[in-house]
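Q: Sequence plus predicted model, see below.
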Amino acid sequence: MSTPQVVVHRDKELMARAAAARLITRIVDAQASRGAASVVLTGGRNGNALLAALAESPARDAVDWARLDVWWGDERFLPDGDPERNVTQAATLLDAVPLDPARVHPMAASDGPYGSDVEAAAEAYAAELAAAAGPGDHGRVPAFDVLMLGVGPDTHVASLFPEHPAVRERTRTVVGVHGSPKPPPTRISLTLPAICAAHEVWLLAAGEDKAGAVALALSAPGELQAPASGARGLSRTLWLLDRSAATKLPRDLYPPASS
Ligand SMILES: O=C1O[C@H](COP(=O)(O)O)[C@@H](O)[C@H](O)[C@H]1O
C-alpha cells in the first residue's frame, strides 16, 4: 500500500479543475497502455464539483469515453431518480459524454430489482464487481485505475463512518449500511478491502469544515476512528485539498510547493 501524498490548491474551484485535468490524463494514459480504463466516482460536494469541471473541460475530448468503466464507491439507498442519489447528481458528466451504457455501473435503487433489501442490492454489486475482475486483478474487484473519495467532516469516506460496522468489514467487498449518521440512513458502500484494491485512491476535501478531518486522518489514528486514513491505493494515495481544508495539517505534512 502507498504512503499518502498531499497536494494543496488555492481554492475549491481550482482544486476541482486541477483534479479533472489530472483525471483526464490518468484515463488517457490507461487507455493508451491497456485500451480501456476504469474509475470509481464519489458523491458529495467535491466529487460533484470535479465531475462538473470534467464535463466542462475542452480536454475531455482526449478521453475515449466508450472505453471507460464507471463504478461508484457508495450510494444513498433511495428511489431511482431521487436528487440525493449519487448517480443522479453525476448526471452533469454522464449526460455530457458518450459513455457506453453497458460500462456504467450504478448501485441499485431502493425501488429497483431488490426492492428495499439493501443487503441483496449490496451482494448484487459485489457480484457485478467480481464478474468484471480479470485474472490479473488478484481479487474480487477490478484493480480500478482511479478511485475517488470525498472526505466527510467526520472523516467518513464512501459510506464508511467512524466506528460503524461497515468500516470493520474485512471479507465482503460491498455492504449495506444501516443507521448512517448522515442522511439518508440506508446506504450501499464499497468496503476498505475493495477500496484498497485500486491502483490510485484520490481523497478530495475542500472547505474549512473539512480541516479537522483532514488533519486527523493524515495523523493516522486508525481507520475505525478515521475511515479516510484506511483508504490507500496500491500504487498511489493522493489527498487533493484546497487551502481551507489544509489549515490544520501538521507542518511536516504540508507539501513544500502548493498552488
Ligand atoms: O454522503 C456522502 O458524503 C461524502 C462526502 O460529502 P461532502 O459533501 O461532505 O463532500 C461522499 O464522499 C459520499 O460519497 C457521499 O455518499
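A: The structure has been received and is ready for your questions. These figures come from a predicted structure and were not determined experimentally.
Q: Low-confidence regions, this structure specifically.
A: 257-259 (pLDDT under 70).
Q: tell me which parts of it are close to the ligand?
A: Contacts of the chain with the ligand, taken as Cβ under 6 Å from any ligand atom, map to 42-47, 73-74, 76, 86, 149-150, 152, 158-159, 182. Every residue, glycine included, has its C-beta placed from N, CA and C.
Q: tally of neighbours for the residue of the stretch 101-250 of the chain found nearest the ligand?
A: Here the stretch 101-250 of the chain gets closest to the ligand at one residue, G150, 2.8 Å apart by Cβ to the nearest ligand atom. G150 is flanked by 26 other residues according to other Cβ atoms under 10 Å.
Q: Do I have it right that it meets K182?
A: No. Counting by Cβ atoms under 8 Å, G150 stays clear of K182, with 11.3 Å between them.
Q: quick one, what contacts the closest residue to V104 other than its chain neighbours?
A: In space, and not counting its chain neighbours, V104 is closest to V70: 4.8 Å by Cβ to Cβ, 6 or more residues apart in numbering. Each residue near V70 by Cβ atoms under 8 Å, 6 or more residues apart in numbering is listed here: 38-39, 41, 94, 99, 103-105.
Q: Pull up the gap between V70 and the ligand, please.
A: Relative to the ligand, V70 is positioned 14 Å away (Cβ to the nearest ligand atom, to the nearest Å).
Q: Report the secondary structure state of that residue.
A: Here V70 is strand, with the state taken from DSSP: H, G, I helix; E, B strand; the rest coil.
Q: in this structure, what residue is nearest the ligand?
A: Closest point on the chain to the ligand, by Cβ to the nearest ligand atom, is G44, at 2.4 Å.
Q: Quick check, D74 in contact with V40.
A: No. In this structure, D74 is not within contact of V40 by Cβ under 8 Å, at 9.6 Å.
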